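# Please find the sequence and the predicted model below.
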Amino acid sequence: MDQRISIVTLGVKDLALSKKFYVHGLGWKPVFENNEIIFFQTGGMIFALFLRDHLTQDFGADPKSYGNAPMALGYNVRAKNEVDPLIQRAQSAGGTILIRASEKSWGGYSGYFADPDGFAWEVAWNPAWPIAPDGGVKFGI
């Protein structure tokens, strides 16, 4: 198995609300959508919003007992001054600020917001991780 991720899929309760947040609030553009799922091209991978009941059915879980996993998605920015405006934009679009941005012990600056379904997103500036023109990030220390 190659060391890569092809797609990240979030199970959402209300596809229309999630679409409003990601498309109208954050400015993302779907590459495909129907009444169950929305796909976004995000650099070299796909990000999807899938109705929660359909997603849990897809991998054989009970939607009533299956909860959000303790995880966070990350969005790295090219400059420190991009962090706070993106977190504010998410809040204006219906997201919730989880942790206000601050200086971090690892030398960067980051904060967290949650989308309407409670999925956590970190917005981070890491001076050791340059971002390529296509948005790709490389691990560096």
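Everything's here; your move.

# C-alpha only now, for contacts and for neighbours.
Will do.

# now what about the helix or strand of the chain with the lowest mean pLDDT, what contacts it?
Across the helices and strands of the chain, mean confidence by mean pLDDT, DSSP states H and E is lowest for helix 52-58: a mean of 89. Residues from elsewhere that reach helix 52-58 (C-alpha atoms under 8 Å, 6 or more residues apart in numbering): L10, G11, V12, K13, E36, D62, P63, Y66.

# to the chain's geometric centre, what's the distance from it?
In terms of C-alpha atoms, centre = their mean, to the nearest Å, the centre of helix 52-58 is found 19 Å from the chain centre.

# Show me which residues of that helix are buried.
R52, D53, H54, L55, T56 (16 or more other C-alpha atoms under 10 Å).

# What are the buried residues along stretch 113-124?
For stretch 113-124, using 16+ other C-alpha under 10 Å, the buried residues are F113, A114, D115, P116, F119, A120, W121, E122, V123, A124.

# quick check: mean pLDDT across the helix or strand harbouring K19?
Using DSSP states H and E, K19 sits within helix 15-19. For helix 15-19, the mean pLDDT works out to 97.

# Can you pull out the low-pLDDT segments for this protein?
Low-confidence segments of the chain, defined by pLDDT under 70, are located at 67-69, 141.

# residues near the closest residue to P127 other than its chain neighbours, how many?
Of all residues not flanking P127 in the chain, G108 sits nearest, at 6.3 Å (C-alpha to C-alpha, 6 or more residues apart in numbering). For G108, the count of nearby residues is 15 (other C-alpha atoms under 10 Å).
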